[in-house]
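Asks: Sharing a sequence plus its predicted fold:
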Amino acid sequence: MYYDIIVAGGGIAGLTAAVYGKRAGKSVLVIEKEAFGGQITASPLVENYPALGPVSGTELADKLLQGALDAGADIELDEIVSADLGGETKKVKTAFGGEFESGAFIIATGSKHRHLGFPGEEEYSGNGISFCAVCDGAFYKGQDVAVAGGGNTALQEAVYLSEICKSVTLIHRRDSFRGEEKLVGTLKSRGNVRFVMGANIVRAFGEKSLEGIEISAGGVNESLPVKALFVAVGRDPDLNIFAPFLSRSEDGYALSGEDCKTELPGVFVAGDCRKKAVYQLTTAASDGAVAALAAVSYLS
């Protein structure tokens with residue numbers, strides 16, 4: 001089946017692209033392999049998306065999906081298993097046997113936070129375990145929290161949390177940080193920040209929500225009563241089969257200008273799979289609009 005625009009990924013960037021593509025009078029198909037809305041569905045409360053007010057991540061995802069459907073976009077809950085994006089007509093096949101073609105193609109597959117894999121990490125995700133302090137830190141204002149990681153992201157999140165939380169325990173599996181010394185110095189100057197080096201998280205525990213974590217350092221186990229754990233050990237772009245068609249950064253993200261164009265004519269990238277400075281809901285929506293309008297211009 002042929003569409004003017006196919007969007008791979010049904011997160012905020014992809015669903016926004018669908019709305020803008022339809023408003024420009026184009027036929028649009030969105031293919032999502034897991035859950036519409038992307039990573040935001042794991043957030044219990046979203047307060048930084050303009051005009052909506054406080055909503056759960058699931059509510060926000062539902063509103064975005066409904067907006068794309070109301071605009072007239074077609075939706076497929078399926079996984080793309082092969083792609084040919086090099087020609088004038090872009091072609092994909094899906095796991096359920098679908099075969100689709102388009103004149104323009106938008107890759108909006110997002111990225112995934114790396115997980116540590118300890119018992120309880122999945123169970124308490126969105127209920128005490130978070131992967132974004134900027135997104136969820138305010139829910140734990142004045143409480144004891146922990147951060148796992150040793151790069152700039154972990155250090156920056158610890159700095160942010162130290163300004164609003166009662167205490168921050170920074171847990172790193174190595175004996176030295178990979179992040180900037182300036183950030184380390186800032187944290188060392190904060191009286192409410194504790195460093196636990198050479199440590200691993202053994203498990204998370206709690207009844208209805210996270211009540212603490214058990215860590216192991218130097219062969220000694222310790223129980224930390226924290227209300228939240230922020231895991232900041234990196235992210236990986238979810239580019240999968242699209243990677244061979246893209247120029248990518250050293251850490252694997254798709255390279256493009258702010259116009260979301262790739263080196264391949266008619267192929268665009270949007271959202272968290274694209275290399276950029278800020279990864280937030282609003283920048284994902286912005287990318288979706290930019291990529292869709294660029295695709296419309298290309299088709300014209």
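Replies: The structure has been received and is ready for your questions.

Asks: any chance you could map the helices in this protein?
Replies: Counting by DSSP state H, the chain has helices at residues 12-23, 57-71, 133-136, 152-162, 181-188, 281-299.

Asks: Packing partners of the fourth one?
Replies: For helix 152-162, the contact count by 3 or more Cβ pairs under 8 Å, 6 or more residues apart in numbering; DSSP states H and E identifies helix 133-136, strand 144-148, strand 167-172, helix 181-188, strand 228-231 as packing neighbours. Glycine gets a C-beta too; all of them are placed from N, C-alpha and C.

Asks: Least reliable of the helices of the chain by average pLDDT, please.
Replies: For the helices of the chain, mean pLDDT drops lowest on helix 133-136, to a mean of 84.

Asks: who does that one touch, helix- and strand-wise?
Replies: Using 3+ Cβ pairs under 8 Å, 6+ apart, helix 133-136 sits against helix 152-162, strand 228-231.

Asks: Adding distance to residue 116, write the helices and strands packed on helix 152-162 out as a markdown table.
Replies: Below are these laid out as a markdown table (distance: least, Cβ to Cβ, whole Å):
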| stretch | distance to residue 116 |
| --- | --- |
| helix 133-136 | 16 |
| strand 144-148 | 6 |
| strand 167-172 | 10 |
| helix 181-188 | 20 |
| strand 228-231 | 6 |
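
Asks: Could you double-check that residue 49 lies in contact with residue 283?
Replies: No: here residue 49 lies out of contact with residue 283, judged by Cβ atoms under 8 Å, at a distance of 11.6 Å.

Asks: any idea of the pLDDT on residue 37?
Replies: Note on residue 37: pLDDT of 87.

Asks: That one - nearest residue in space that isn't next to it in sequence?
Replies: Once flanking residues are discounted, residue 37 sits nearest to residue 61: 2.3 Å by Cβ to Cβ, 6 or more residues apart in numbering.

Asks: Tell me, how many residues neighbour the one you found?
Replies: Residue 61 has 24 neighbours, counted by other Cβ atoms under 10 Å.

Asks: contacting residues for it?
Replies: Contacts of residue 61 were listed using Cβ atoms under 8 Å, 6 or more residues apart in numbering, and they are 35-38, 40-41.

Asks: Can you report how many residues lie near residue 175?
Replies: 9.

Asks: ignore the last one, residue 183
Replies: For residue 183, the neighbour count with other Cβ under 10 Å is 17.

Asks: Could you pull up the residues touching the closest residue to it other than its chain neighbours?
Replies: Leaving aside its chain neighbours, residue 183 sits nearest to residue 155 (3.9 Å; criterion: Cβ to Cβ, 6+ apart). Contacts for residue 155 (Cβ under 8 Å, 6+ apart) come out as 149, 170, 177, 179-180, 183-184, 187.

Asks: Quickly note the distance from the residue nearest to residue 159 when sequence neighbours are not counted to residue 232.
Replies: Leaving aside its chain neighbours, residue 159 sits nearest to residue 186 (5.6 Å; criterion: Cβ to Cβ, 6+ apart). The gap separating residue 186 from residue 232 is 16 Å, by Cβ to Cβ, to the nearest Å.

Asks: Of those two, give the one with the bigger neighbour count.
Replies: Higher neighbour count among residue 186 and residue 232: residue 232, with 24 against 16, using other Cβ under 10 Å.

Asks: Tell me where the model's unsure across this structure.
Replies: Applying pLDDT under 70 to the chain flags the ranges 42-44.

Asks: what's stretch 88-96 in contact with?
Replies: Around stretch 88-96, the neighbours that count as contacts under Cβ under 8 Å, 6+ apart are 6, 8, 31, 33, 76, 78-85, 99-105, 265-267.
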